[in-house]
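# build the 3D model from these lines:
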Amino acid sequence: MEDLRGKNFVLTEKGLALGLSEATPDGIRLVTDPIIKETSDKNKKKKAAQIKSSKEEQKDDEIENDDSENIDETVEGWRKELKVQLRQMDPAKFERFSRRLIKEMGAQIDDEIGVQLSQDHGLDGYAYFVSDELRTTRVAIQSKRYNNLVGDKYVRDFRGSIQNGTDYGILITTDYFSDAAVKEAKDPSKSTPITLLDLDDVIDLVEKYQLFIKKVETYELGDFYFD
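Model prediction:
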């Protein structure tokens, strides 16, 4: 049947027993309105429960994301601190740090050649890598505790100070290299290639070889506990 509001309803056995042929529209509404209202209220409660559940799930996801961000900040915190300390390090100390880093990578550091020439020729030492086939590779080291972009001039000067018979050079800095410096280091027309290690490279190597750092496992409470 269709009521006066244009909505269709299917009558139950109770409805069929009312004798609708003799009933008036007002009488029908008197019987059906409470049922319609009850059904509508149930639907509203069901919808409200679904919305509440969806909001709670979203809040839980936000809490998990906040915790992840806090963990990421904790993990990366030491890297940021190390950047600051390296940039502030005394140049002579950074030279010692650079030689030690190369040593941790498996090289034998020459205690005399290069170190004595440091102030005059821009070299901070020589190192020797010995392969499993007992082939020795000679490497020149220069460190530049510098808080500005390192240009190609420094690469050329470093290459010019390297002694003959050196396989390649390693230029280490506490900043970053310009595009021209990178191009100069890789120039195939030059006799000695130069490996460039910028600040991010240095920190990656410190982590890889655990140089003067100590891994500490701990926990930090998430924001959830402080609401």
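# how close does residue 166 sit to residue 140?
Distance, residue 166 to residue 140, by Cβ to Cβ, to the nearest Å: 5 Å. Just so you know, the C-beta spots here come from the backbone N, C-alpha and C atoms, and that holds for glycine as well.
# so which of those two has more stuff around it?
residue 140 (26 against 17; other Cβ atoms under 10 Å).
# which SS class is the more buried one?
Of the three states, residue 140 takes strand according to DSSP: H, G, I helix; E, B strand; the rest coil.
# how about residue 132, secondary structure?
Assigned by three-state DSSP, the conformation of residue 132 is coil.
# same question for residue 129.
Under three-state DSSP, residue 129 comes out as strand.
# residues contacting it?
The contact partners of residue 129, by Cβ atoms under 8 Å, 6 or more residues apart in numbering, come to 106-108, 136-137, 139.
# report the buried members of these.
Among those, the ones that count as buried by 16 or more other Cβ atoms under 10 Å are 107, 139.
# now the two most distant members of the contacts of residue 129.
By the measure Cβ to Cβ, 106 and 136 form the most distant pair in the contacts of residue 129, at 12.3 Å.
# which residues do residue 166 and residue 140 both contact?
126, 192.
# what segments of the protein are strands?
108-109, 125-130, 136-144, 168-173, 194-197 (DSSP state E).
# quick one: closest of those strands to residue 41.
Among these, if distance is taken as Cβ to Cβ, the winner is strand 194-197, at 70.8 Å.
# just the CA coordinates of that closest one, formatted as PDB?
Output of strand 194-197 as PDB, limited to C-alpha atoms (Å, rounded to 0.1, in the frame of the first residue of the first chain):
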ATOM      1  CA  ILE A 194      89.200  11.900  -6.600                       C
ATOM      2  CA  THR A 195      86.500  10.300  -4.400                       C
ATOM      3  CA  LEU A 196      84.300  12.900  -2.700                       C
ATOM      4  CA  LEU A 197      82.800  12.300   0.700                       C
END
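# so for it, mean pLDDT?
Strand 194-197 comes out with an average pLDDT of 97.
# helices and strands around it, which ones?
Here strand 194-197 is seen to pack against helix 152-161, strand 168-173, helix 179-185 when contacts are counted using 3 or more Cβ pairs under 8 Å, 6 or more residues apart in numbering; DSSP states H and E.
# how does it look with 10 Å?
Where contact means 3 or more Cβ pairs under 10 Å, 6 or more residues apart in numbering; DSSP states H and E, strand 194-197 is packed against helix 91-104, strand 136-144, helix 152-161, strand 168-173, helix 179-185, helix 199-209.
# run through who's touching it.
Applying Cβ atoms under 10 Å, 6 or more residues apart in numbering, the external contacts of strand 194-197 come out as 98, 101-102, 139-140, 142-143, 150, 154-156, 158-159, 162, 168-173, 176-177, 181-182, 184-187, 201, 204-205.
# list buried residues within these.
98, 101-102, 139-140, 142-143, 150, 154-156, 158-159, 162, 169-173, 176-177, 181-182, 184-185, 205.
# least confident secondary structure element in the protein?
helix 118-121 (a mean of 46; mean pLDDT, DSSP states H and E).
# now list whatever residues contact both of residue 106 and residue 136.
Counting by Cβ under 10 Å, 6+ apart, the residues touching both residue 106 and residue 136 are 129-130.
# quick one: low-confidence parts of this structure?
For the chain, residues meeting the criterion pLDDT under 70 lie at 1-33, 35-36, 51-75, 113-122.
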